[in-house]
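Chemist: Below are the sequence and a predicted model for it; my questions follow.
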Amino acid sequence: MNLLKGLNEAQKRAVLHKDGPLLILAGAGAGKTRAIAHRVAFLVSQGVAAERILGITFTNKAADEMKERINKLLVASGYSLTTTPFISTFHSLGVYIMRESGRIIGIPKNFSILDKEDSLSLMKESVKNLGIDPKQFQPAKIQSIISRYKGDLITNEDFLDFIGNEFFHRKLSLIWNKYEELLQEQNSLDFDDLVLKPVLLFKKDKKIAEHYQNFWQYILIDEYQDTNKAQYEFSKILAEKHRNICVIGDMDQSIYGWRGADFRNIINFENDFPGYGTIVFEENYRSTQNILEAAARVIEKNKMRKPKNLRATKDKGVEISLFEAMNEQEEAEFVIHKIKELLFAKDDPSQTAKDHPLPSPSEIAVLFRANFQSRIFEETCLRHGIPHQMLGIQFYNRKEIKDVLAFIRLALNPDDTMSAKRIINMPRKRKPADFLNLLASIKEKIGKSKLSEAIKFIMEKTGYQEFLENGSEDDRERLENLKELVTIALRYGEYGPLKGAEKLLEETALISEQDMLDHVRRKKNAVRLMTAHSAKGLEFENVFIVGLEDGLFPHSGFGDNSDEKEEEERRLFYVAMTRAKEKLFLSFSVSRTIFGGRQLNLASRFLSDIPDHLLKLETYKPIEEIIEYT
């Protein structure tokens, strides 16, 4: 088999580049996975032992897909191998190295790995053991801070020297030290340790570092723009001897700065590996030319990037649809109306032709900036009989939503022991008498106030709102979900105080236990609902990007509003746009209900970057009929 067959010229150059550092700038949909697989197979065909090749990517799924592609290529080329390349994530690689060599820095071979929830429990225990007020030093927030420091290669021992000796930092240092002490007692590592510890091991013991440097002669790293400092240093050390490192990335798709990823690592590559080669993948195999041109005009406004000129291998395609809704309900109805047109080809007879087959529901995605936006689309899909799958947790199954609903259930039914167990210590531990008094006050509020006001009361009196406001980035997103629950509660005002609460509990129970069951069963053929972050790495025939309003997308609720922050939001919009293969729909709402109040919005500033000739303004008239998809 010819390992260059079917590759374009840039991909061929990447495959044939054998020795020395190589930087591949791969645009969206440019066939990088294929090129990586062919490059690994080509190295083996040139006599490189398969086990001496290390490939690193960011998800287990991506690693598995890479292994499968490489194996198929090698088998098709007639190679019968007893060993295979080491393809894994950074964290899996860290586990492998620490199991083999961690004892040198005091880590036993049988160490346990804590997930985020286990880690948080240990953080809570650390705060409690030190007698520190968890309201002042929230464990979730401390966990998030420590995670970022570990990603920046800062240990608890270096912390005060690095950051200073202020009151907060001294307390944080005490908690961190206790946390590490408990980790050691349990022979455990947390998720961040799996990258941090190997780097510390390599720095402490040069012979161990040389062992792995000698073993892996060729290194390939995908999604290089998503590496943090620890991952960057990890890969740099491994490649120091042979310098046969190939990194693939795209600064325009760097969207994880909030968790420590630094796209500048692509720029640093130039300094760390002088004499490197550069190849740019500019042929796009995914999207139409209209979609690519619109995405290019959006992303070119960013200053911190390496320019590319993506070219579509497909034709021009249709215009991008743009819809201005009066409110979020009209926006959702428009989206579902268009999904029906796609699925049933009501207004386009040509779609029934053999060369224009009807799309599968799974080839349609609705993307939004924040999780709380999913609720209106889930409900509208249910009402119109459209099979859908919320990638992540359904709105009413999210922990924070279930917690607040449990307070309502227990206040109305003191025998509901399941709800009692769920919330007895949420979000803070109370004396039994205090807890009973809290439930009594909630019951009284439910009995005399609007349901939306009662939920606000619960959020305040339980301390849940304060807890989330002072927590991590994830916690603030959970708070947005609770604010959306307040908005939902407005519709139950017509039932009166007590009846409204009972109706909410009834309907949410039916959605989660009955309606969702059928959609879960059919989820392999369902419209996908997800955040723009979750869509990275995926592609769909038809993509709807909703809620394109200033303050929502670009989002103003996460961190500062600096130019750097806006550039990351612009990259996120670019990623969302380039998920679409054939048709892209954009929409925004003139007004939106946030935290129970109606808010007027301006269209996203990103929309003004798209040339008018690429856009088609859409209108929408409500229709009465409901079509079941079977």
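Modeler: Everything's here; your move. Residues are numbered from 1 along each chain as shown.
Chemist: For the stretch 251-400 of the chain, which segments are assigned as helices?
Modeler: For the stretch 251-400 of the chain, applying DSSP state H, counting those that start in this stretch gives helices covering 265-272, 289-299, 328-344, 374-383, 399-412.
Chemist: Looking at the ones you listed, which is nearest to residue 257?
Modeler: helix 265-272 (11.8 Å; CB to CB). In this view, the C-beta of every residue, glycine as well, is placed from N, C-alpha and C.
Chemist: List the buried residues for the closest one?
Modeler: For helix 265-272, the buried set under the neighbour-count rule, 16 or more other CB atoms under 10 Å, comprises 265, 266, 269, 272.
Chemist: How is the residue lying closest to the third one once chain neighbours are set aside assigned, secondary-structure-wise?
Modeler: The one in question is residue 269. Nearest residue to residue 269, sequence neighbours excluded (CB to CB, 6 or more residues apart in numbering): residue 23, at 5.5 Å. Per DSSP: H, G, I helix; E, B strand; the rest coil, the local secondary structure of residue 23 is strand.
Chemist: Just send the helices of the stretch 251-400 of the chain back as a markdown table, with mean pLDDT and distance to residue 256 too.
Modeler: Formatted as a markdown table, the helices of the stretch 251-400 of the chain follow (pLDDT from 0 to 100; distance: least, CB to CB, whole Å):
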| stretch | mean pLDDT | distance to residue 256 |
| --- | --- | --- |
| helix 265-272 | 86 | 12 |
| helix 289-299 | 95 | 17 |
| helix 328-344 | 93 | 27 |
| helix 374-383 | 92 | 21 |
| helix 399-412 | 90 | 23 |
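Chemist: Can you lay out those as TSV showing distance to residue 101?
Modeler: Listed next are these as TSV, based on distance: least, CB to CB, whole Å:
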stretch	distance to residue 101
helix 265-272	24
helix 289-299	42
helix 328-344	53
helix 374-383	44
helix 399-412	38
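Chemist: before we move on, back to that, identify the bridge partners of the residue nearest to residue 269.
Modeler: In this entry, residue 23 is beta-bridged to residue 247, residue 278, by DSSP bridges.
Chemist: which residues are contacting stretch 135-146?
Modeler: Here stretch 135-146 makes contact (CB atoms under 8 Å, 6 or more residues apart in numbering) with 116, 119-120, 123-124, 126-127, 156, 171-172, 175-176, 179, 192, 428, 463, 466-467, 470-475.
Chemist: Tell me the buried residues within those residues.
Modeler: So, by 16+ other CB under 10 Å, the buried ones in those are 119-120, 123-124, 126-127, 156, 171-172, 175-176, 179, 192, 466-467, 471-472, 475.
Chemist: Show me the two of the buried residues of helix 265-272 that sit farthest apart.
Modeler: Greatest spacing in the buried residues of helix 265-272, by CB to CB: 266 and 272 (11.0 Å).
Chemist: Might you report the residue contacts of the residue nearest to residue 269?
Modeler: Counting by CB under 8 Å, 6+ apart, residue 23 touches 246, 247, 249, 266, 269, 270, 276, 277, 278, 279.
Chemist: Please report the distance of the second one from residue 285.
Modeler: Plainly put, residue 247 is 21 Å away from residue 285 if you go by CB to CB, to the nearest Å.
Chemist: So which of those two has more stuff around it?
Modeler: Applying other CB atoms under 10 Å to residue 247 and residue 285 shows that residue 247 carries more neighbours, namely 26 against 15.
Chemist: so how many other residues sit close to residue 506?
Modeler: Count around residue 506 with other CB under 10 Å applied: 10.
Chemist: same check, this time on residue 197
Modeler: Considering only other CB under 10 Å, residue 197 is surrounded by 23 other residues.
Chemist: Now it: which helix or strand?
Modeler: Applying DSSP states H and E as the criterion places residue 197 in helix 193-204.
Chemist: With only the CA atoms kept, save that helix in PDB.
Modeler: What follows is helix 193-204, C-alpha atoms only, in PDB (Å, rounded to 0.1, in the frame of the first residue of the first chain):
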ATOM      1  CA  ASP A 193      -0.400  15.200  39.700                       C
ATOM      2  CA  LEU A 194      -0.400  12.800  36.800                       C
ATOM      3  CA  VAL A 195       1.400  15.400  34.700                       C
ATOM      4  CA  LEU A 196       3.200  17.400  37.500                       C
ATOM      5  CA  LYS A 197       4.800  14.400  39.200                       C
ATOM      6  CA  PRO A 198       6.600  13.000  36.100                       C
ATOM      7  CA  VAL A 199       8.000  16.400  35.400                       C
ATOM      8  CA  LEU A 200       9.300  16.700  39.000                       C
ATOM      9  CA  LEU A 201      10.700  13.100  38.600                       C
ATOM     10  CA  PHE A 202      12.600  14.000  35.500                       C
ATOM     11  CA  LYS A 203      14.000  17.200  37.100                       C
ATOM     12  CA  LYS A 204      15.100  15.300  40.200                       C
END
